[in-house]
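Novice: missing the sequence, but the structure's below:
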Ligand code: F0G
């Protein structure tokens with residue numbers, strides 16, 4: 001634990017192995033953007049200077065994780081590395097069955113293959129895209145019941161990821177047998193990386209259980225959520241992070257997990273449940289597509305790295321640095337008049353592109369215009385979360401998304417404060433010529449998930 005006498009929250013690590021960044025000129029980046037048809041998913045990573053596309057699988061592993069990799073045992077069945085992994089998961093999430101998967105969406109696919117299906121409906125605070133897609137793929141429906149503040153970018157609320165408890169109760173009354181389970185995403189990624197309070201999670205669990213429904217956590221960013229509980233929720237200031245995590249876990253009946261986030265992995269995930277019958281059904285599906293239940297699509301060395309990562313992510317020194325460094329970027333942008341979702345989330349800053357590029361109408365994609373400008377100006381890669389991602393309706397028409405956001409997701413332990421200062425300077429330059437930026441039109445797009453592959457052309 002650090003003294004509290006210094007203002008600067010330093011990275012609680014030093015650098016042991018480095019990756020070079022390829023420096024590029026603005027002219028080279030403009031050419032790369034044009035080659036990619038102004039879709040940043042199509043830009044080669046080598047041509048990106050600061051990659052804030054996602055915090056998923058992009059973090060730096062520690063010395064001790066790399067050492068753990070050397071212990072990886074690649075036995076097909078019953079590998080000791082599985083038991084190290086299982087024990088590390090159960091230390092924080094004491095569910096009876098722990099089923100490894102290659103990443104989060106594989107766990108979702110398996111869980112909803114069992115629980116979903118036509119006629120079923122599944123509520124959550126906010127389903128992440130892959131969760132929603134996996135539910136809808138089974139012909140079930142996914143519904144988001146986040147509190148009203150969670151949909152207002154400027155509303156200051158300590159737990160904007162909370163579920164609207166009254167709506168959940170009414171929903172369970174109305175839908176009855178159509179509901180196989182209740183989900184909670186912690187932190188709420190699609191809502192801006194916003195946390196869920198322990199009191200709210202307890203309320204959700206009570207309501208779900210009163211209706212006889214199991215509660216599952218989508219717990220990708222559980223440690224960041226626990227830090228916010230410690231900082232913001234009365235009664236938790238002195239609680240240890242692992243205890244907060246265990247308390248959250250104890251309210252639910254199982255979880256899906258992407259280990260590419262807080263468990264500090266470059267790949268991995270798991271599904272954990274208490275119910276024996278459900279676990280047996282899930283394991284049968286696991287064997288079909290992921291692998292034997294003691295490795296589930298991962299190598300033994302991955303399981304070892306994740307077990308070690310789980311011990312590191314609950315460190316208070318790490319979490320203090322993590323949450324402060326995300327807030328540092330948000331504060332600097334706000335200070336220069338660039339509006340962001342408030343308060344800053346745990347893993348990302350979400351810039352309000354509609355406010356900054358107010359001269360570009362939503363269906364000319366202000367978020368895309370900002371993301372491309374950040375890339376061309378300084379090689380910073382971000383991700384549009386607006387009408388490109390959500391504007392296309394099932395009938396093929398276009399409707400503006402609720403918000404036009406650009407997400408700056410911060411990989412774990414990867415960039416230093418000077419990298420972030422550089423990002424801030426890039427924003428300052430873009431802001432200086434914002435009225436010169438024009439919108440985009442889509443010239444080619446696939447039938448679904450168009451943001452990954454659509455081709456764009458500038459309108460001016
Ligand atoms: N749930 C949440 C809340 C997520 O943020 C993600 C992934 C998943 C599930 C799926 O996990 O990628 O391992 O299959 N989020 C990434 C992102 C892709 O950029 O936010 P996965």
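Specialist: Thanks, I have the structure now. Just so you know, these numbers come straight off a predicted model, no measurement behind them.
Novice: Can you read off the pLDDT for the closest residue to the ligand within the stretch 251-400 of the chain?
Specialist: The ligand sits closest to residue 258 of the stretch 251-400 of the chain, with a gap of 3.1 Å, by C-beta to the nearest ligand atom. The way it works is simple: take the backbone N, C-alpha and C, and place the C-beta from them, glycine included. Note on residue 258: pLDDT of 98.
Novice: got a list of what it touches?
Specialist: Contacts for residue 258 (C-beta atoms under 8 Å, 6 or more residues apart in numbering) come out as 56, 103, 104, 105, 107, 220, 268, 269.
Novice: Swap in 7 Å and give it another go.
Specialist: The contact partners of residue 258, by C-beta atoms under 7 Å, 6 or more residues apart in numbering, come to 56, 103, 104, 220, 269.
Novice: what sits up against the helix or strand containing residue 105?
Specialist: Using DSSP states H and E, residue 105 falls within helix 104-115. Applying C-beta under 7 Å, 6+ apart, the contact partners of helix 104-115 are 101, 130-131, 134-135, 138, 140, 180-181, 220, 256-258, 269-271, 278, 281-282, 285-286, 290, 297.
Novice: coming back round to it: take the contacts of residue 258 and lay them out in TSV including neighbour count, distance to the ligand and pLDDT.
Specialist: Listed next are these as TSV, based on neighbours: other C-beta atoms under 10 Å; distance: C-beta to the nearest ligand atom, whole Å; pLDDT from 0 to 100:
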residue	neighbour count	distance to the ligand	pLDDT
56	20	4	98
103	22	3	97
104	26	3	98
220	27	4	97
269	28	5	98
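Novice: out of these, who's nearest residue 146?
Specialist: Nearest to residue 146, judged by C-beta to C-beta, of these is residue 220 at 16.4 Å.
Novice: Confirm for me that that closest one is in contact with residue 264.
Specialist: No: the criterion here is C-beta atoms under 7 Å, and residue 220 misses it with residue 264 at 11.9 Å.
Novice: Grab the nearest non-local neighbour of residue 67.
Specialist: Once flanking residues are discounted, residue 67 sits nearest to residue 308: 8.0 Å by C-beta to C-beta, 6 or more residues apart in numbering.
Novice: now what about the host helix or strand of that neighbour, what contacts it?
Specialist: Using DSSP H and E, residue 308 sits within helix 300-313. By C-beta under 7 Å, 6+ apart, the residues outside helix 300-313 that reach it are 61-62, 64-65, 68-69, 71-75, 79, 81-82, 84-85, 88-89, 92, 100, 223, 259, 262-265, 267-268, 318.
Novice: How is the protein divided into domains?
Specialist: What automatic domain parsing lists as the domains of the chain is 9-55+315-458, 63-312.
Novice: Just name the most buried of the ones you listed.
Specialist: Mean neighbours per residue, mean count of other C-beta atoms under 10 Å, is largest over the domains of the chain for domain 63-312, with a mean of 21.
Novice: Contacts only, for the residue nearest to residue 411 when sequence neighbours are not counted.
Specialist: Excluding the flanking residues, the one nearest residue 411 by C-beta to C-beta, 6+ apart is residue 58, at 3.9 Å. By C-beta under 7 Å, 6+ apart, the contact set of residue 58 is 51, 411, 414.
Novice: which residues touch the last one?
Specialist: Listed by C-beta under 7 Å, 6+ apart, the contact partners of residue 414 are 58, 59, 60.
Novice: gap between it and the ligand?
Specialist: 14 Å (C-beta to the nearest ligand atom, to the nearest Å).
Novice: Surely that residue is within a strand?
Specialist: No: counting by DSSP: H, G, I helix; E, B strand; the rest coil, residue 414 is not part of a strand but coil.
Novice: and the residue in the stretch 301-450 of the chain that the ligand sits nearest to, what is it in contact with?
Specialist: With C-beta to the nearest ligand atom, the shortest gap between the stretch 301-450 of the chain and the ligand falls at residue 409, namely 6.0 Å. Each residue near residue 409 by C-beta under 7 Å, 6+ apart is listed here: 52, 53, 54, 55, 347, 348.
Novice: Equivalent analysis for residue 424, please.
Specialist: Contacts of residue 424 by C-beta under 7 Å, 6+ apart are 329, 332, 333.
Novice: and the second one, helix, strand or coil?
Specialist: It stands for residue 332. Going by three-state DSSP: residue 332 is helix.
Novice: ok, it to residue 224 distance?
Specialist: According to C-beta to C-beta, to the nearest Å, residue 332 and residue 224 sit 20 Å apart.
Novice: Repeat that for the first one.
Specialist: To residue 224, residue 329 is 15 Å away according to C-beta to C-beta.
Novice: Name the residues of this structure found near the ligand, please.
Specialist: When proximity is defined as C-beta under 6 Å from any ligand atom, the chain approaches the ligand at 54, 56, 103-105, 128, 130-131, 185, 189, 218, 220, 258, 260, 269.
Novice: Against residue 219, how distant is residue 306?
Specialist: 13 Å.
Novice: same deal with residue 371?
Specialist: Counting by C-beta to C-beta, the gap between residue 371 and residue 219 amounts to 28 Å.
Novice: Skipping adjacent residues, who's closest to the spatially most central residue of the chain in space?
Specialist: Note on the chain: the residue nearest the mean C-alpha position is residue 189, at 4.7 Å, using C-alpha atoms, centre = their mean. Excluding its sequence neighbours, the residue lying closest to residue 189 (C-beta to C-beta, 6+ apart) is residue 128, at 5.3 Å.
Novice: now swap in residue 250 and tell me
Specialist: In space, residue 250 comes closest to residue 94 once its chain neighbours are excluded; the distance is 7.1 Å by C-beta to C-beta, 6+ apart.
Novice: from memory that neighbour sits against residue 249, does it?
Specialist: Yes: using C-beta under 7 Å, residue 94 makes contact with residue 249 at a distance of 6.4 Å.
Novice: At which residues are the strands of the stretch 51-200 of the chain located?
Specialist: For the stretch 51-200 of the chain, the strands defined by DSSP state E, counting those that start in this stretch cover 97-101, 121-124, 141-144, 182-185.
Novice: Any idea which of those has the lowest pLDDT on average?
Specialist: Mean pLDDT values for the strands of the stretch 51-200 of the chain show the minimum at strand 141-144, a mean of 95.
Novice: What confidence value was assigned to residue 1?
Specialist: Reported pLDDT for residue 1: 69.
Novice: Closest one to residue 357 out of the contacts of residue 258, please.
Specialist: Residue 357 has its nearest neighbour among these in residue 56, at 26.5 Å by C-beta to C-beta.
Novice: show me the contacts for that closest one.
Specialist: Applying C-beta under 7 Å, 6+ apart to residue 56 gives the contacts 258, 260, 261.
Novice: Run a quick check on the second one versus residue 101, I expect a contact.
Specialist: Yep, that's residue 260 we're talking about. No: contact criterion C-beta under 7 Å: residue 260 and residue 101 do not qualify, at 11.3 Å.
Novice: can you map out the helices along the stretch 1-150 of the chain?
Specialist: Under the criterion DSSP state H, counting those that start in this stretch, the stretch 1-150 of the chain contains helices at 26-35, 63-70, 80-92, 104-115, 129-137.
Novice: Contacts for the shortest one next, please.
Specialist: By C-beta under 7 Å, 6+ apart, the surrounding residues in contact with helix 63-70 are 16, 264, 301, 304, 305, 307, 308, 309.
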